[in-house]
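Asker: how would this look folded up:
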Amino acid sequence: MIELTSLNGSFFVLNSNLIETIETIPETKVTLTNGKYFLVGEQKEEIVQKIISYNRQIFIDTVKLTD
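Answerer: This next block holds a predicted model:
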């Protein structure tokens, strides 16, 4: 799950596994696999980094559980 900012300034948490595309239109549009989309304040690169960080943390936590 990653935290994003809607254009009205409120924060929400999104399941990053549901993201299909991220595009700049000039706002950043995050489209989900079900066709729903969100316009957010973060730049595309920032969202990608949040997804990478989240997935990295999941992997680290999983490795710790198996040790």
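Asker: those helices in this structure, which residues are they?
Answerer: The residue ranges that make up the helices of the chain, judged by DSSP state H, are 44-66.
Asker: quick one: low-confidence residue ranges for it.
Answerer: Across the chain, the stretches falling below the confidence threshold (pLDDT under 70) are 67.
Asker: tally up the residues packed near K29, please.
Answerer: Neighbourhood size, K29 [other C-beta atoms under 10 Å]: 15. For glycine as for every other residue, the C-beta is placed from the backbone atoms N, C-alpha and C.
Asker: list the contacts of it.
Answerer: Shown here is K29, whose contacts under the criterion C-beta atoms under 8 Å, 6 or more residues apart in numbering are T21, I22, E23, Y37, F38, L39, V40.
Asker: one more pass at 10 Å, please.
Answerer: Under the criterion of C-beta atoms under 10 Å, 6 or more residues apart in numbering, the contact partners of K29 comprise T21, I22, E23, Y37, F38, L39, V40, K44.
Asker: filter these down to the buried ones, ChimeraX style.
Answerer: Applying 16 or more other C-beta atoms under 10 Å to the contacts of K29, the buried members can be selected in ChimeraX as follows:
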select :22,38,40
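Asker: in CSV: the contacts of K29, plus distance to F59.
Answerer: As requested, the contacts of K29 are arranged in CSV below (distance: C-beta to C-beta, whole Å):
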residue, distance to F59
T21, 24
I22, 21
E23, 27
Y37, 28
F38, 26
L39, 30
V40, 25
K44, 23
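Asker: mind listing which of the contacts of K29 are in strands?
Answerer: For the contacts of K29, membership in strands holds for T21, I22, E23, Y37, F38, L39, V40, with DSSP state E as the criterion.
Asker: these two touch, right, the first one and Y37?
Answerer: So the one you mean is T21. Yes: with contacts defined as C-beta atoms under 10 Å, T21 counts as touching Y37 at a distance of 8.7 Å.
Asker: done for today, thanks.
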